[in-house]
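Visitor: any chance you can model this:
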Amino acid sequence: MASSSSSTSLPYGLKYHVFISFRGKNTRDDFARHLGDALRSNGIEIFLDEKEHERGEEMNPALDNAIQESWIAVVIFCINYAYSSWCLEELAKVMEYSKDKSMLVLPIFYKVNPSSLRHEKGSYAEALAKHESRISEKWKIERWKLALHKAADISGWHLKPDQMNEHGLIFNIVDYVSKRISSLRDGDKNIDQHVNYHVFISFRGPDTRLGFTRDLYDALIRNEIKVFFDEEELKKGEEINLALEKAIQVSLMALVIFSINYADSSWCLEELAKVMEYSKDTHMMVVPIFYNVNPSDLHYDKGRYAEALAKHAVRSIEKWKIDRWKLALQNAADVPGWPIKPGPM
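Guide: As a prediction, this is how the structure comes out:
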């Protein structure tokens, strides 16, 4: 493990700007080391594990802590990455922690195609098959597969075998990471020039505007938190406007209040889809509030959510849009949040 002194401050509780996950045999002595050196030379604190781990060795608490104490995770997927159960477990923890704490994950596809991870092809299929033949816990294999699939869907850098300009790629990565750290640092202190709101609230007006949502908004304002709270009740079929889309893009966090009739509104569903897509590509944190609904209703299209989606399908809304909304609901249901069961006060 190596780190450097940095002129770029870290939030309380964090020790590293960047945690680098990589397969030692393939990239330690060239790409990973060069990337680590370039990041350090730019005043970025990094965690780069120098130890070569043996097959079957358990991930130690120190490495787990390093993931939790990092702001950004850079994952270098090389051709033999998935042969290491250590790397796969490290990736699973990175992806889980990024979902819970909004850690930014930046994948580098080093001479591998993202589709090899997404569809378990080539060396990734072979590696997973080998793990399946010797590991009895099938849940662990499924957890690794899910982590690979999710990582493949994140925008990153792809260095193809016939594109050998590693120096240029490293320069681009360091430049991007430096800018992200700068913006995240400024956002952590206060709202910077690119962010107008601390919190964007997505909600279904008739369900909660005059009760829970209004109370939440007032409490946030009292604590000097700048909030985007849309007062306008939109008509059926109205398109999400540019101002609302911009508000999502200039918010640090999205609070999504899933009420019983949330999915009745195509506007809410489109808003949710944009929130989930934007959070995937940026450091925006999504926090769901399940207001008198069960997360499983979103995940498995049950109850009122199933009825609402069926009505949208009958209204001749494009199938790809319905599928996009379903995916957004399913992804949101997997994010840790707060279940609220209103009752008598």
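Visitor: can you list the domains in the chain?
Guide: Here the domain parsing of the chain from automatic domain parsing is 16-189, 197-340.
Visitor: give me the mean pLDDT for the first one.
Guide: Average pLDDT, domain 16-189: 82.
Visitor: centre of the chain to that domain, how far?
Guide: Relative to its chain's centre, domain 16-189 lies at 14 Å (C-alpha atoms, centre = their mean, to the nearest Å).
Visitor: for the stretch 201-345 of the chain, which segments count as strands?
Guide: Applying DSSP state E, counting those that start in this stretch to the stretch 201-345 of the chain gives strands spanning 227-229, 251-258, 285-291, 338-340.
Visitor: CA atoms of the longest one as PDB?
Guide: The reference is to strand 251-258. C-alpha atoms of strand 251-258 as PDB (Å, rounded to 0.1, in the frame of the first residue of the first chain):
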ATOM      1  CA  SER A 251     -28.300  18.800  -7.100                       C
ATOM      2  CA  LEU A 252     -25.900  16.900  -4.800                       C
ATOM      3  CA  MET A 253     -28.600  14.500  -3.600                       C
ATOM      4  CA  ALA A 254     -32.000  13.200  -4.700                       C
ATOM      5  CA  LEU A 255     -34.600  12.300  -2.100                       C
ATOM      6  CA  VAL A 256     -37.300  10.200  -3.800                       C
ATOM      7  CA  ILE A 257     -40.500   9.700  -1.900                       C
ATOM      8  CA  PHE A 258     -42.200   6.600  -3.200                       C
END
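Visitor: what does it rub up against?
Guide: 187, 191, 195-204, 208, 212-213, 216, 228, 248, 272, 275, 279, 283-291, 293, 298, 332 (C-beta atoms under 8 Å, 6 or more residues apart in numbering). To be clear about C-beta, it is placed using only N, CA and C from the backbone, and glycine gets the same treatment.
Visitor: state the phi and psi torsions of residue 106.
Guide: Per-residue torsions, residue 106: phi -120, psi 110 (degrees, to the nearest 10).
Visitor: name the residues of the strand or helix carrying residue 116 that come out as buried.
Guide: Element membership for residue 116, per DSSP states H and E: helix 114-118. In terms of neighbour count (16 or more other C-beta atoms under 10 Å), helix 114-118 has its buried residues at 114, 116, 117.
Visitor: need the residues you listed in TSV (columns: distance to residue 221).
Guide: Shown next, in TSV, are the buried residues of helix 114-118 (distance: C-beta to C-beta, whole Å):
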residue	distance to residue 221
114	42
116	48
117	43
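Visitor: residues touching residue 282, list them.
Guide: Residue 282 touches residue 104, counting by C-beta under 8 Å, 6+ apart.
Visitor: how close does it get to residue 19?
Guide: Separation of residue 282 from residue 19 (C-beta to C-beta, to the nearest Å): 18 Å.
Visitor: can you check residue 173 too?
Guide: Counting by C-beta to C-beta - residue 173 and residue 19 are separated by 14 Å.
Visitor: more crowded one of those two?
Guide: residue 19 (26 against 19; other C-beta atoms under 10 Å).
Visitor: you'd agree that one is in a strand?
Guide: Yes - the assignment for residue 19 is a strand, going by DSSP: H, G, I helix; E, B strand; the rest coil.
Visitor: can you pull up the bridge partners for it?
Guide: On the basis of DSSP bridges, residue 19 is bridged to residue 47, residue 73.
Visitor: so it makes contact with residue 68?
Guide: No - using C-beta atoms under 8 Å, residue 19 makes no contact with residue 68, being 9.3 Å away.
Visitor: just the pLDDT for the residue nearest to the spatial centre of the chain.
Guide: Residue closest to the average C-alpha location in the chain (C-alpha atoms, centre = their mean): residue 280, at 4.7 Å. On pLDDT, residue 280 comes in at 76.
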